[in-house]
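Trainee: sequence and predicted structure below; questions after.
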2 protein chains.
Amino acid sequence: MEIIKTIEQLQEIRKTISSSVGFVPTMGALHNGHISLIKKAREENDIVIVSIFVNPTQFLPGEDLDAYPRKDEADKKICQMCKVDYLFMPDVTTMYTKEEILIKAPNKSYILEGKARPGHFDGVLQVVLKLFNLTQPTNAYFGKKDAQQLSLIQQMVKNLFLPINIVPCDIVRESDGLALSSRNVYLSETQRKDALLISKSLYLATSLIAKKEYSVEAVKKRILDTMSNLDVEYIAIVDREFNELEIVEPKNTIILVVVRFGNTRLLDNIWI
Amino acid sequence: MEIIKTIEQLQEIRKTISSSVGFVPTMGALHNGHISLIKKAREENDIVIVSIFVNPTQFLPGEDLDAYPRKDEADKKICQMCKVDYLFMPDVTTMYTKEEILIKAPNKSYILEGKARPGHFDGVLQVVLKLFNLTQPTNAYFGKKDAQQLSLIQQMVKNLFLPINIVPCDIVRESDGLALSSRNVYLSETQRKDALLISKSLYLATSLIAKKEYSVEAVKKRILDTMSNLDVEYIAIVDREFNELEIVEPKNTIILVVVRFGNTRLLDNIWI
């Protein structure tokens, strides 16, 4: 595995590759969720590039940019074990200049996560576009856990005619159901235990829908009842394009929840 | 020469090309200025792609989008004569969907042309980025006449790490000095004659500078005196990065003028 720090180095290397490239962009602090993306990329491509870059433009003022977990040495070992070919670890001054061309995500970037974090998705699309142009992947791998991010990246690829195949990957969970997240390290022991209600509520909602209860109101109520002791920020039931639904559409529905534990926001979702 | 109308067709063809691609994006109504770009592309690349697309997002409300000269049949013949390989002529619904990812040009897009046409450069960068992603050129050719556009496209390529070489091409002029423009057709005979003062004023400024007069104020005065009978919108003397200068910097200066003839704005510039 080669570790790449500069743009020029990455561009030079990319020029020499004519076979398929799988790309996994990350903010590091790699867990089994990331590993599942890297493994899939490894299976499906000749060359695998992983990036680790905690992107400042997707953090709002007051968010956890400085506190965001950084585990460079552990991450390098994980990438090596996963047989990554190139690990791109640029620093901020490499990725950004004083004056930038900005990307303005569409209106649907200002609902749900975008409402809680206005401008967040502009920063996500900006850095992903830069990384796509640098790595020019055949396939790029994103977890379904950040469902709205995934949807916006798919839209960007479509709108800007990027010649890239986006591969959505299933959420990876702890054995007790908690969706993996780099931010789980922020949880206390009690919070960690309470957080189990999140995935539990989603499973209960799924079984309700399996029994043909398609009323969004009824499904939301079941979820809220299950998490009645938690600080639920939102529950949303949307189609794959992130339009709000009133009636669950089997095979075209995503149920999203966000729960707050102190300053930590935990996201989870399930695709029906 | 193959004429391409759809995205899918262009993407399929692009996949089959592994040699160098020269790309010339245009809004049609091709004149000798465009032809000089196409010829240069033809000399320097294995495959030449030209696009003709009157891009609505770079026109402001009330501008000449509907009146913009369209000469599809003549343009096709010109491209064929210039040995273009692929002529991409999409329609608007091909290039845009209802909800788009927008590109926000940087602050320097809101001076000069961007001040006269706020938002114009956002539209330019948006369509150029789409066309770049579709054609994936080795080299892309732009005229120096739209100097600010050229500068912003160079910045976009740098900021977004696009693997594309931008080739600036000299302004082509009529034998009497008038810079070629698709909008010259809007001029009456008298206006056409008066318009000669534009290039004349730039040549006089150049000879003043050749005599070591580096004061921007003095140079501007000479230009303004020469065009005293015209409706001059602005005269700007900037460096290659579009920072306003007080002292002319030889080899790093662009003198830009815009003159109005009724609703028609004529641009010209000279690179010192």
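Mentor: Structure's in. What do you need? Numbers count the residues shown, from 1 in each chain, chains lettered A, B, ... in the order given.
Trainee: pLDDT score assigned to the residue lying closest to A:E246 once chain neighbours are set aside?
Mentor: Closest residue in space to A:E246, ignoring its immediate chain neighbours: A:V216 at 5.3 Å, by Cβ to Cβ, 6 or more residues apart in numbering or on different chains. All C-beta spots, glycine's among them, are computed from the backbone N, C-alpha and C. Turning to A:V216, the model gives it a pLDDT of 96.
Trainee: name the element A:V48 belongs to?
Mentor: Secondary structure assignment for A:V48, by DSSP states H and E: strand A:47-52.
Trainee: does that strand reach chain B?
Mentor: No: looking at strand A:47-52 against chain B by Cβ under 8 Å from any Cβ of the partner chain, there are no contacts, and the closest approach is 12.3 Å.
Trainee: that strand - what's its average pLDDT?
Mentor: For strand A:47-52, the mean per-residue pLDDT is 98.
Trainee: list the helices and strands it packs on?
Mentor: strand A:21-26, helix A:32-44, helix A:72-81, strand A:86-88, helix A:120-135 (3 or more Cβ pairs under 8 Å, 6 or more residues apart in numbering or on different chains; DSSP states H and E).
Trainee: 7 Å instead, please
Mentor: Counting contacts by 3 or more Cβ pairs under 7 Å, 6 or more residues apart in numbering or on different chains; DSSP states H and E, strand A:47-52 is packed against strand A:21-26, helix A:32-44, strand A:86-88.
Trainee: and the longest one, what's buried?
Mentor: If I follow you right, that is helix A:32-44. For helix A:32-44, burial by neighbour count (16 or more other Cβ atoms under 10 Å in any protein chain shown) applies to A:G33, A:H34, A:I35, A:S36, A:L37, A:I38, A:K39, A:K40, A:A41, A:R42.
Trainee: same check on stretch A:13-24?
Mentor: Of all the residues in stretch A:13-24, those buried under the rule 16+ other Cβ under 10 Å are A:I13, A:R14, A:I17, A:V21, A:G22, A:F23, A:V24.
Trainee: which one of the residues you listed is nearest to chain B?
Mentor: Out of the buried residues of stretch A:13-24, the one with the shortest distance to chain B is A:R14. That distance is 7.5 Å, counting by Cβ to the nearest Cβ.
Trainee: secondary structure element for the closest one?
Mentor: helix A:7-16.
Trainee: so for that helix, mean pLDDT?
Mentor: With pLDDT averaged residue by residue, helix A:7-16 scores 97.
Trainee: can you list contacts of that helix?
Mentor: With Cβ atoms under 7 Å, 6 or more residues apart in numbering or on different chains as the contact definition, helix A:7-16 has outside contacts at A:I4, A:Y86, A:F88, A:T94, A:L134, A:T135, A:Q136, B:F161, B:P163.
Trainee: what about the helices in the stretch 101-250 of chain A?
Mentor: Secondary structure of the stretch 101-250 of chain A by DSSP state H, counting those that start in this stretch: the helices cover A:113-116, A:120-135, A:147-159, A:189-194, A:196-210, A:216-226.
Trainee: out of these, which gets nearest to B:A179?
Mentor: Of all the helices of the stretch 101-250 of chain A, the one in closest proximity to B:A179, counting by Cβ to Cβ, is helix A:120-135 (33.0 Å).
Trainee: so that closest one versus helix B:120-135, what angle?
Mentor: Here helix A:120-135 runs at 40 degrees with respect to helix B:120-135, directions being taken by axes from the mean of the first three to the mean of the last three Cα atoms, to 10 degrees.
Trainee: packing partners of helix A:120-135?
Mentor: So helix A:120-135, by 3+ Cβ pairs under 7 Å, 6+ apart, packs with helix A:7-16, strand A:21-26, strand A:102-104, helix A:113-116, helix A:147-159.
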